[in-house]
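> Structure of the sequence below:
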Amino acid sequence: MGGGRFVDDITMPGMIYCAFVRSVYPHASLRSVDADGFVLTWKTLEKICRPYMVKIPIPGVKPYTLYYLAHRKVRYVGEPVAMVMAGDRYRVSDLVETVNVDYEPLPPVPDVESALSPDAAVINEEWGDNIAAKLHLRVGDIESSLGRSPKIMEQSFSIGRATPAPLEPRAILASYDKVSGLLTVYISNQAPHVERALLSEALGLPENRVRVVTPDVGGAFGQKCLLYPEDVAVCLASMLTGRPVKWVETRRENLISSSHAREQRHHVRVGFNRDGVITALYDEIVTDIGAGILYPHSSIGTSIVTASMLPGPYRFRNYEAWITCVASNKCPFGAYRGFGQPEATFVMERVVEMIADELGLDPVEVRTANMVKDEEIPFTSVSGTLIESGSPAGTLAGLLTQAGYGMLKSLQQGHGRTSFTGVGIACNTETTIPTLAFQTGRWGGTEYATVSITPEGGVVVRTGAVNMGTGLSTTLAQIAAEELGQPIDRVVVLAGDTDSTPFSTGLWGSRGCAMVGTAVQTACRKLVEKICKIAAHLLEANVGDIVLDGEMVYVRGHSDRSITLREVARIAYNDPHRLPADLDPGLEATASFEAPNISRQPDAEGRLNVSGGTTNAAHLALVELDIETGGIRLLAYHVFHDSGLSLNPAIVDGQVVGGLAQSIGSTIYEELVYVDGNPVTTTFMDYLIPGPAEIPGIKTYSSEKPSPYIPLGVKGVGESGTIAAPAAIINAVENALRKAGFKTRLTSTPIHPHSLWNLMKLR
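Purely as a prediction, here's the structure:
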């Protein structure tokens, strides 16, 4: 309706704009920065603040120093080197061109192979080499299991570099009041309370002197839950000038200097029996993390999640994974929808397909032979992930029936003599309701909400979570309205302001409805209890006999003995002497909900369960492949998911379809390409985002198996459409290639027409 209010819609008296001078080299020493007028560089900033020390409390992870402007050298194209300011947005853009930066180019480290070579330049001197982390997970007897396996397969896989590319790039408006010493920050961000804590530390301000407000967010997808150098630099600029300072990222900046994701390589050895049952899996995972570590949702955490979720819904008990996180002269790697799980599912589901091909079995048979059985749930996977509810086998069976798998797999020819259809399936589990504790050692998995009834009877819900297009405020209003028996239009949801909302670790990891919604439900029930106590006192009845029914509160069986909710509220605030002696005035309740099933300590095998719930899904993609051009067209797509109860089916469906559309993009269209450390995909003419014409008809189905640990019965749905899509689409393309007579294995994503064309011509 055009009524959204974003950071760039906010203006303040005396506001100035800023822009960043960014590195044009992937790797270079900084000799000098010269400009007319007031320009901020690290030399200015180091006099008033310290760099942020990123310390991830996981053995094997090296600490990292985050500078807010380039310090002594630049490490990737797009790194902020200096800041210029002016009263006009166009003027500040012109000023960027007047800044002269003297660089001394250094040998670039463009990729993992270069970074690991003995003579590679070191990107971050504090590490001594280009390895940021080396981690290991081992469960069972991998060597013996592989040695006893009748069949062994070895294969390498790669996942290309991608970026969330939200509709609204990053944006921040900082205003420092020198009189009060208060800093107010409007920012497009997924976790304002966490951002406040990080800014407080970086700026040297007490946390209660920093207010962070997140208005509407035009898409986030993980990219906006990180502390960026620009966030701190803009705040420091306001503190130095005493004026509000605004920065809004351009699309080019977003593509080259906001967080990237996905880029991993896997080398897998898998043992299996002649019936397709997997006996052991070994994986060497290498992540190209770019030039540094973003925090708190880091590339290290992403890599760990990949290793943890690789077993998916399967039952094998011998598993080993080595994780190596390697720096390169690329934009740093951060969070993206799915957070390591699409990568894990791509590898696992391609392995299943290859086992089926090796044995001449239908891939569904191999999945069924390995899948967790209903009677085994709750089931702890070999990597430590708890599948606490649901039925992965039932989800797969439901998909096959609803999509008509038997008919689809028999399709051969497409719409022309050179086109062939292919059908692909992929299954996944998803950890939802996660905690930040394992990555940060400081923020856990607890969410808070406050619900109040105003003196005239209106309902106000306060949450530190944000509105970023997921429909959370609508769902929270729905929960409060149902619990309190009020019309939904009488409920107001206030979100994302650290000065007026309870603490939240933010909206990420499919946790919003399950965590915040449960806290809202609990707070409402506390309010109902208080309302009934007040009414019982006023009506001279037992509390157990009081009924709240919409606008009326009455004695059960005696509707004539009643009082309106508005009158109860008025008395609670304005006539406290009429309340029971043990009750405080007002109608307000705060409640919390802590994520269940979170591991506080590793188990005997060193495994952790870091999420409160686990969903599962099965995807089916139908594609058409033109063997003359390599062109891929998605004809249809089916998703059967178990995300718990659907409190608002329209929102649930929107989340599944939206996540799927995003994953279609990073499977067929989108890829961040670097040449010798220089980004070449810097606009949407190069980084291809799919539009409505590229998204097929999507059908979604839900088994709606409630979580036994979440009072609302929900499990989370924000990433369900994203995780299995790359595997399902690539499986379908390979199936089409088989029908066209090409015997090949697809081992990488994204897959583009030119690469398919070359592959077919070479065979």
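
> use CA for all of it now, contacts and neighbours both
Noted.

> With Lys530 as the reference, measure out to the residue of the chain positioned farthest from its centre.
Here the chain reaches farthest from its C-alpha mean at Asp560, the gap being 52.9 Å by C-alpha atoms, centre = their mean. Separation of Asp560 from Lys530 (C-alpha to C-alpha, to the nearest Å) stands at 21 Å.

> cool, Met83 as well?
54 Å.

> quick one: buried residues of the longest helix along the chain?
Criterion DSSP state H: the longest helix present in the chain is helix 518-539. Buried positions in helix 518-539, judged by neighbour count with 16 or more other C-alpha atoms under 10 Å: 518-536, 538-539.

> rewinding a little: please identify the helix or strand for the residue farthest from the centre of the chain.
Assigned by DSSP states H and E, Asp560 belongs to strand 558-564.

> Which helix or strand lies directly C-terminal to that strand?
In N-to-C order, the element after strand 558-564 by DSSP H and E is helix 565-574.

> between that following helix and strand 558-564, how big is the angle?
For helix 565-574 against strand 558-564, the angle by axes from the mean of the first three to the mean of the last three C-alpha atoms, to 10 degrees is 50 degrees.

> list the helices and strands helix 565-574 packs on?
Packing partners of helix 565-574 (3 or more C-alpha pairs under 8 Å, 6 or more residues apart in numbering; DSSP states H and E): helix 518-539.

> After the helix it packs on, heading C-terminal, what element do we hit next?
Downstream of helix 518-539, the next assigned helix or strand under DSSP H and E is strand 546-549.

> How about exporting that following strand as PDB, limited to the C-alpha atoms?
Extracted C-alpha coordinates of strand 546-549, given in PDB (Å, rounded to 0.1, in the frame of the first residue of the first chain):
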ATOM      1  CA  ILE A 546     -14.700 -16.100  36.400                       C
ATOM      2  CA  VAL A 547     -15.000 -16.100  32.600                       C
ATOM      3  CA  LEU A 548     -13.400 -13.600  30.200                       C
ATOM      4  CA  ASP A 549     -15.500 -13.600  27.000                       C
END
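
> In the one helix or strand Ala481 maps to, which residues are buried?
Using DSSP H and E, Ala481 falls within helix 472-484. Residues of helix 472-484 classed as buried under the neighbour-count rule (16+ other C-alpha under 10 Å) are 472-481, 483-484.

> Provide the strand pairings for the strand holding Asp560, with the direction of each partner.
Strands that pair with strand 558-564, judged by DSSP bridges, come out as strand 552-555 (antiparallel).

> could you redo the buried residues of helix 472-484 as TSV and give each row pLDDT and distance to Gly506?
Putting the buried residues of helix 472-484 into TSV (pLDDT from 0 to 100; distance: C-alpha to C-alpha, whole Å) gives the following:
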residue	pLDDT	distance to Gly506
Leu472	95	12
Ser473	96	14
Thr474	96	17
Thr475	97	16
Leu476	98	15
Ala477	98	18
Gln478	98	20
Ile479	98	19
Ala480	98	20
Ala481	98	23
Glu483	97	24
Leu484	97	25
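
> Tell me the buried residues in the strand holding Asp560?
562-564.

> Report the contact partners of the closest residue to Ile531 other than its chain neighbours.
Excluding the flanking residues, the one nearest Ile531 by C-alpha to C-alpha, 6 or more residues apart in numbering is Val568, at 7.0 Å. Counting by C-alpha atoms under 8 Å, 6 or more residues apart in numbering, Val568 makes contact with 531, 534-535.

> And the closest residue in space to Phe221 that isn't next to it in sequence, how close does it get to Asp642?
Leaving aside its sequence neighbours, Phe221 sits nearest to Arg337 (C-alpha to C-alpha, 6+ apart; 5.1 Å). Look at Arg337 and Asp642: by C-alpha to C-alpha, they are 18 Å apart.

> okay, those two: which has more neighbours?
Asp642 (31 against 27; other C-alpha atoms under 10 Å).

> Next one: the more buried one from Met83, what distance?
Asp642 is 48 Å from Met83, by C-alpha to C-alpha.

> contacting residues around the nearest residue to Pro750 once chain neighbours are set aside?
Once flanking residues are discounted, Pro750 sits nearest to Thr667: 4.3 Å by C-alpha to C-alpha, 6+ apart. When contacts are counted by C-alpha under 8 Å, 6+ apart, Thr667 touches 725-726, 729-730, 749-751.

> Restricted to strands, list those residues.
Mapping the contacts of Thr667 onto strands (DSSP state E) picks out Thr749.

> For Glu624, state which of the contacts of Thr667 is nearest.
Glu624 lies nearest to Ile729 out of these, by C-alpha to C-alpha, at 10.7 Å.

> count of residues packed around that closest one?
By other C-alpha under 10 Å, 31 other residues sit near Ile729.

> which residues does it contact?
424-425, 620-623, 667.

> Recalculate using a threshold of 6 Å.
By C-alpha atoms under 6 Å, 6 or more residues apart in numbering, Ile729 lies in contact with Ala621.

> roughly how far apart are it and Leu622?
From Ile729 over to Leu622 (counting by C-alpha to C-alpha), the distance is 8 Å.

> coming back round to it: which residues are in contact with the helix holding Ala481?
With C-alpha under 6 Å, 6+ apart as the test, helix 472-484 has contacts from 487-488, 491, 517.

> by how many degrees do that helix and helix 518-539 diverge?
Using the same axes, to 10 degrees: helix 472-484 against helix 518-539 is 30 degrees.

> From the chain's centroid, how far away is helix 472-484?
Relative to its chain's centre, helix 472-484 lies at 24 Å (C-alpha atoms, centre = their mean, to the nearest Å).

> With stretch 199-215 instead?
With C-alpha atoms, centre = their mean as the basis, stretch 199-215 stands 23 Å off its chain's centre.

> Return the set of buried residues in that stretch.
199-203, 207, 210-215.

> Now the helix or strand hosting Trp322: average pLDDT?
Assigned by DSSP H and E, Trp322 belongs to strand 319-327. Averaged over strand 319-327, pLDDT sits at 98.
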